[in-house]
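# structural data only, the sequence is not supplied:
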Ligand code: G3P
Ligand code: CA
C-alpha cells in the first residue's frame, strides 16, 4: 500500500456529557441529556441503579440525595431520611414521585432549576433516539455506569450478574453493540460481562493511584477503555494505555485548561459536567 492509504484514521475526540450535562441541568435527567445533545456531545455518560420491581433507573446515588431531592409533598429530603429512601427497596412508581431538579445543586450554581424525576433508562434511550431521528442529528453513544458498589447505607442490591444482565437487556432492546459502553468501578461487574457477553465494550473506571499495570492485573483482561480520575493521569500513562490497545478517557474534567492539557497529551475523550466548555477541542490529529 502507499503511505497515505496506510495511515491510521484517528477517531474524533469523544466529548462525553457527565450525568448528561450536570453543570448546566439537573444530573442524570431528561433535560440534562437533551442539553448535552444541544451542546454537541458525542457520548452521554449516565449511571444506573435498580428498583425493587427490577426497573433500571438512571441515578448516580442508590437513594434520594438530601442535597438535591424533594419528597412528593414538596418538602426536602432530610439527611436522616436518605438511608430510608433506598431506591433498591422502592418500586419505580414511588421513585418517580421525588423531584430532584427544582432545588438545584449548590455545587453547580449555573445549573437550571427545573422539576425532574429520576427517569428509566429505557425512556432516556427512547427519547434521545426519537429526538435525534426527528431532528436528523448524528448518532450519539451511551457510556452507562453500573453503580454496584455498596453505599454508606449498606443498601441491599441484586448480585452483580443479575444487575448486569438486567441493564444489558434494557439496552439491547434499543441499541446495537457499537452504540454503548458499560463502565464500572466494580471489577466484578466488568469480569462478569467480559465472560458472559464478550462482545460488549467495557470501560474500567479507576480512582486509585495503583498504576495501569496493577489495575489491569487485578482486572485480568484488557478493556476497550481505561477511564481514570483525570488528576491521576500523566502523559506516560496515556502512552502506556495506548500501547496496550486501550483508549483513555478521563473523568470528570471541568476546567478548559485541564481539557486542553489532556488533549495535548493524547487522550481519546473527555468526560465533563460542562460540555459547553469542551467546544472546539480537537485531538492531536
Ligand atoms: O464516568 C466516570 C464518572 O462518572 C465516575 O464518577 O462518581 O460521577 O459516577 P461518578
Ligand atoms: Ca458515572
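It's in. The structure displayed is predicted, hence computed values, not measured ones. Ligands and ions are numbered 1, 2, ... in the order given.

# what's the neighbour count on the nearest residue to residue 24 once chain neighbours are set aside?
Nearest residue to residue 24, sequence neighbours excluded (Cβ to Cβ, 6 or more residues apart in numbering): residue 35, at 5.3 Å. Where C-beta positions appear, they are placed from N, C-alpha and C, glycine not excepted. For residue 35, the neighbour count with other Cβ atoms under 10 Å is 22.

# give me the longest strand you can find in this structure.
If you go by DSSP state E, the chain has its longest strand at strand 43-50.

# residue boundaries of the strands in the protein?
14-17, 43-50, 56-58, 141-146, 180-184, 201-206, 225-228, 247-248, 269-272.

# distance between the second one and the chain's centre?
Okay, so that is strand 43-50. Distance of strand 43-50 from its chain centroid, counting by Cα atoms, centre = their mean, to the nearest Å, is 5 Å.

# what is the closest residue to residue 268 other than its chain neighbours paired to in the beta sheet?
The spatial neighbour of residue 268 that comes closest, neighbours along the chain excluded (Cβ to Cβ, 6+ apart), is residue 247 at 4.0 Å. Bridge pairing for residue 247 (DSSP bridges) gives the partners residue 225.

# how about residue 247, what does it touch?
Contacts for residue 247 were tallied using Cβ atoms under 8 Å, 6 or more residues apart in numbering; they are 14, 224-226, 241, 268-269.

# out of those, which end up buried?
Neighbour-count burial (16 or more other Cβ atoms under 10 Å) is assigned, among the contacts of residue 247, to 14, 225-226, 241, 268-269.

# still on that earlier bit, how near is the residue nearest to residue 24 to residue 102?
16 Å (Cβ to Cβ, to the nearest Å).

# name the helix or strand of this structure that has the lowest mean pLDDT.
None of the helices or strands of the chain scores lower by mean pLDDT, DSSP states H and E than helix 3-6, at a mean of 48.

# and the longest strand of the chain with ligand 1, contact?
Yes: shown here: strand 43-50 in contact with ligand 1 (Cβ under 6 Å from any ligand atom) through 45, 47.

# that strand - contacts with which helices or strands?
strand 14-17, helix 30-38, strand 56-58, helix 121-134, strand 141-146, helix 160-172 (3 or more Cβ pairs under 8 Å, 6 or more residues apart in numbering; DSSP states H and E).
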